[in-house]
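Q: coords below, sequence missing:
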């Protein structure tokens, strides 16, 4: 009598890898934005297209980070129409690279941000959570920024709106992840602080001198809340992935407080202060948050394994070293060469992180394939 041979267990397929096709244009926007950053630093760039330089800010905020945020929310919603928003944001960011009117780029970005808000509405109806409300406020700030930009308002005056877009969105994510550990008072305060950021951004637009200080105060209050209620203060003492994530979070809060302090001193009317504010927020804080959450959020969105690797420390440390050189020596002491060196280190750090993350995903895929084959 023949003994039946047990069938090999099949590895469950994970749906959603097609979203990689939407991630690639956002990654291209990152590369273009970094090339533009090198042009602004007045150092050699792979593509020496001088007209790319003015696109640096919006293509990074909307074409890359905004598209990533939108893609993650669209995946949470689970509706095909939701994926139109990140496509519009990437298209709007990249459209600055060709000779089309500013209003056309603005229309794409406005449509994309309206799409982000349209994604949040059903998410809000599902659970009426403070975390979703805070992220909706962030999306409103991002929409306000592109509306004002399309109307002719200059980027320096839009910084509070752009910062609110990023900070409120990330704060909402942190509230969502830490909701179980938050006290009732802390959770109730979270949306109040997000509203304060919105009001501060509005004040900074209408009454530049006083409003800028008020925005700085609101931002400082938001940073203190984030740092005080984040489990990172405890997990920094652990090892492995929890320690790495905690380090990225805490250093991100540090740089965001530096930006808040600069705003509290008044409108960033000098090149050094402007450079400090914009890169403390969008590099020191935002990119630190992306590095911290890459191994937890991206796998859920892209349906690929992206485990923590010790090598992830290298680009994170390199980025913060670059910021120290750029802000403290370059902007603070007026050393132009230090400003350039710090900026180049920041670009290299982001490129290296992309390579490390991609390598981690590839190795994980190979390991999973070996496990399935051996089983």
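A: Thanks, I have the structure now. Not measured: the values here are computed from a predicted model.

Q: could you use CA atoms for every contact and neighbour count after this?
A: Will do.

Q: packing partners of the helix ranked longest in the chain?
A: The single longest helix within the chain, with elements called by DSSP state H, is helix 336-374. Packing partners of helix 336-374 (3 or more Cα pairs under 8 Å, 6 or more residues apart in numbering; DSSP states H and E): helix 20-40, helix 313-323.

Q: lowest average pLDDT across the ones you listed?
A: Ranked by mean pLDDT, the helices and strands packed on helix 336-374 bottom out at helix 20-40, with a mean of 90.

Q: please compute how far stretch 138-158 lies from its chain's middle.
A: Put simply, stretch 138-158 sits 17 Å off its chain's centre (Cα atoms, centre = their mean, to the nearest Å).

Q: got the buried residues for it?
A: 138-150, 155, 157-158 (16 or more other Cα atoms under 10 Å).

Q: for residue 216, find the nearest of the helices and strands packed on helix 336-374.
A: Closest approach to residue 216 among those (Cα to Cα): helix 313-323, 20.2 Å.

Q: contacts for the next helix or strand after the closest one, please.
A: Downstream of helix 313-323, the next assigned helix or strand under DSSP states H and E is helix 332-333. Contacts to helix 332-333, defined as Cα atoms under 8 Å, 6 or more residues apart in numbering, come from residues residue 272.

Q: sorry, back to before: possible to save the helices and strands packed on helix 336-374 as a markdown table with distance to residue 68?
A: Listed next are these as a markdown table, based on distance: least, Cα to Cα, whole Å:
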| stretch | distance to residue 68 |
| --- | --- |
| helix 20-40 | 7 |
| helix 313-323 | 19 |
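
Q: how about those, which one is nearest residue 265?
A: Comparing the helices and strands packed on helix 336-374 by Cα to Cα, helix 313-323 comes nearest, at 20.2 Å.

Q: packing partners of that closest one?
A: helix 336-374.

Q: redo the helices and strands packed on helix 336-374 as a markdown table? Include mean neighbour count.
A: Output for those, formatted as a markdown table (neighbours: other Cα atoms under 10 Å):
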| stretch | mean neighbour count |
| --- | --- |
| helix 20-40 | 20 |
| helix 313-323 | 21 |
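
Q: with respect to residue 79, which of those helices lies nearest?
A: Closest among these, using Cα to Cα: helix 20-40, at 14.7 Å.

Q: so what does the next helix or strand after the closest one touch, helix or strand wise?
A: For helix 20-40, the following helix or strand on the C-terminal side (DSSP H and E) is helix 56-58. Under the contact criterion of 3+ Cα pairs under 8 Å, 6+ apart, helix 56-58 touches helix 20-40.

Q: would you mind getting the angle between the helix it packs on and helix 336-374?
A: Between the axes of helix 20-40 and helix 336-374, defined by axes from the mean of the first three to the mean of the last three Cα atoms, to 10 degrees, the angle is 160 degrees.

Q: contacting residues around helix 20-40?
A: Counting by Cα under 8 Å, 6+ apart, 44-48, 50, 52-57, 59-60, 63-65, 67-68, 71, 86-87, 90, 93-94, 302, 343-344, 347 sit against helix 20-40.

Q: just stretch 98-114 next, same as before
A: Counting by Cα under 8 Å, 6+ apart, 62, 84-89, 91-93, 95-96, 139-140, 142-143, 146-147, 149-151 sit against stretch 98-114.

Q: report the mean per-residue pLDDT for stretch 132-139.
A: 94.

Q: related to what we said a few turns ago, now a PyMOL select for only the buried ones of the contacts of helix 20-40.
A: This is how PyMOL selects the buried members of the contacts of helix 20-40, with burial counted by 16+ other Cα under 10 Å:
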select buried, resi 45+52+53+54+55+56+57+59+60+63+64+65+67+68+71+86+87+90+93+94+302+343+344+347
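
Q: packing partners for the helix or strand where residue 178 lies?
A: Residue 178 belongs to helix 155-178 when assigned by DSSP H and E. Here helix 155-178 touches helix 130-150, helix 184-206, helix 208-229, going by 3+ Cα pairs under 8 Å, 6+ apart.

Q: let me know which of these is tucked in deepest.
A: helix 130-150 (a mean of 23; mean count of other Cα atoms under 10 Å).

Q: residues contacting that one, please?
A: 102-103, 105-107, 109-110, 113-114, 116-117, 120, 123-124, 155, 158, 161-162, 164-173, 175-176, 187-188, 190-191, 194-195, 198.

Q: same question for stretch 209-229.
A: Counting by Cα under 8 Å, 6+ apart, 160, 171, 174, 182, 186, 190, 193-194, 196-197, 199-205, 233, 250, 253, 256-257, 259-267 sit against stretch 209-229.
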